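*Asks:* Starting from these lines, generate the structure:
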Amino acid sequence: MNIPYRPLALGLLLVGFSALLFGRAQAGGGHYYPPVTDPVVTQECGSCHLVFAPAMLPASSWQRMMGDLQNHFGEDASVDAASAKRITDYLTAQAGDTGGRNFSGKLLRGVSSADAPLRITSLSSWNDKHRKVPDWEWKHKEVQSKANCAACHLDAARGYYDE
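*Replies:* Numbers count the residues shown, from 1 in each chain. Modelled structure (predicted):
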């Protein structure tokens, strides 16, 4: 007599799973930032670190960063002129104050494009979210840096930064 309940159970399972996926996609608010889709940006930036979502910084930050790649946080990240232009154009078009503004409101609150930081970890809202993380955790061999988002946010590469 369990036969009539199988379709109902399967249907409920499917509805629950769909709600979970839909909720996660919609929950973004301050925790979802569209990941990079440009293959040149992914290749050039991702060869050294997580490819950070452009919506996490304003366009002025990306322009300044791309304008000084030979001094990219202590490394020479220079690329050819055509690649640099393509990367700059993509990052600034998807930045938190341009194409990515639907996702960056909370993260960039109070940030002026005139003096925007180059590091996401310098944003006051980033620091507010991470203030309870003890110093020893940043130094853990699995983390090693505040810029290693994927160490704690397992879906960071896909744009999800939920706790």
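*Asks:* Tell me the first helix or strand C-terminal of the lowest-mean-pLDDT helix or strand in the chain.
*Replies:* Ranked by mean pLDDT, DSSP states H and E, the weakest helix or strand in the chain is helix 5-27, scoring a mean of 47. Downstream of helix 5-27, the next assigned helix or strand under DSSP states H and E is helix 39-46.
*Asks:* Give me the helices and strands touching that following helix, please.
*Replies:* Judged by 3 or more Cβ pairs under 8 Å, 6 or more residues apart in numbering; DSSP states H and E, helix 39-46 is in contact with helix 81-93. Glycine gets a C-beta too; all of them are placed from N, C-alpha and C.
*Asks:* now the helix it packs on, how far from the centre of its chain.
*Replies:* Helix 81-93 sits 18 Å away from the centroid of its parent chain (Cα atoms, centre = their mean, to the nearest Å).
*Asks:* and the residue most central in space within the chain, what is it in contact with?
*Replies:* For the chain, A53 is the residue whose C-alpha lies nearest the centre (Cα atoms, centre = their mean; 3.9 Å). With contact taken as Cβ atoms under 8 Å, 6 or more residues apart in numbering, A53 is in contact with 33-36, 94, 100, 103, 159.
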